[in-house]
Structure formats: C-alpha cells, structure tokens
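S.K.: need a 3D model of the following:
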Amino acid sequence: MTLEQISLGLGLAGLGCFLWPILQRLRGAASVEAPASGSSLRSPLWWAGFVLTAAAIFLQRIASQQAGGG
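M.R.: Modelled structure (predicted):
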C-alpha cells in the first residue's frame with residue numbers, strides 16, 4: 001500500500017464521519033440540534049472526522065514530497 005492509498009482511505013473515513021450525522025438527520029433518524037448549541041462540535045464523531053482528515057492531508061503532503069524528490 002502506498003501513502004497515497006492510505007491518505008485516500010483516511011480522507012474518505014474522515015468525510016464519512018462528517019457526513020454520517022447529516023445523513024441521519026436527513027433520514028429523520030436523529031433529532032435536529034438547537035440553533036447555536038455547538039453540540040455538533042463537541043461530538044466525538046466530529047473530532048474523529050477532523051483528526052482523520054488532518055492525518056490524510058499530512059500523509060498526502062509527505063507522499064507528494066517523496067514523489068517530487070524533495
């Protein structure tokens with residue numbers, strides 16, 4: 001497995017963490033939070049998505065530097 005493939009997988013997992021609550025609300029399976037409550041930012045799923053996306057960006061930068069020879 002290359003770094004590009006790993007970063008793509010982490011990026012997709014991070015995107016899934018961000019989209020899962022939205023899809024749940026659209027299907028009516030989850031209640032809508034009160035406006036300006038900020039509870040979505042305190043969600044462990046949101047933070048997992050943030051960390052996975054940041055790791056994907058970091059790995060992609062490393063992979064592009066290795067491919068460029070620098």
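
S.K.: got a list of what the spatially most central residue of the chain touches?
M.R.: Nearest residue to the geometric centre of the chain (Cα atoms, centre = their mean): Gly14, 2.0 Å. Applying Cβ atoms under 8 Å, 6 or more residues apart in numbering to Gly14 gives the contacts 48-56. All C-beta spots, glycine's among them, are computed from the backbone N, C-alpha and C.

S.K.: so which of those sit within helices?
M.R.: Among the contacts of Gly14, DSSP state H puts 48-56 in helices.

S.K.: tell me the secondary structure at Pro35.
M.R.: On the three-state scheme (DSSP: H, G, I helix; E, B strand; the rest coil), Pro35 is labelled coil.

S.K.: what's the mean pLDDT across the helix or strand where the residue nearest to the centre of the chain lies?
M.R.: Using DSSP states H and E, Gly14 falls within helix 3-27. In this model, helix 3-27 carries a mean pLDDT of 91.

S.K.: for that helix, buried residues please.
M.R.: By 16 or more other Cβ atoms under 10 Å, the buried positions in helix 3-27 come out as 3, 7, 10-11, 14, 17-18, 21.

S.K.: per-residue pLDDT, Arg42?
M.R.: pLDDT, read off for Arg42, is 70.

S.K.: what's the local residue count around it?
M.R.: 9 (other Cβ atoms under 10 Å).
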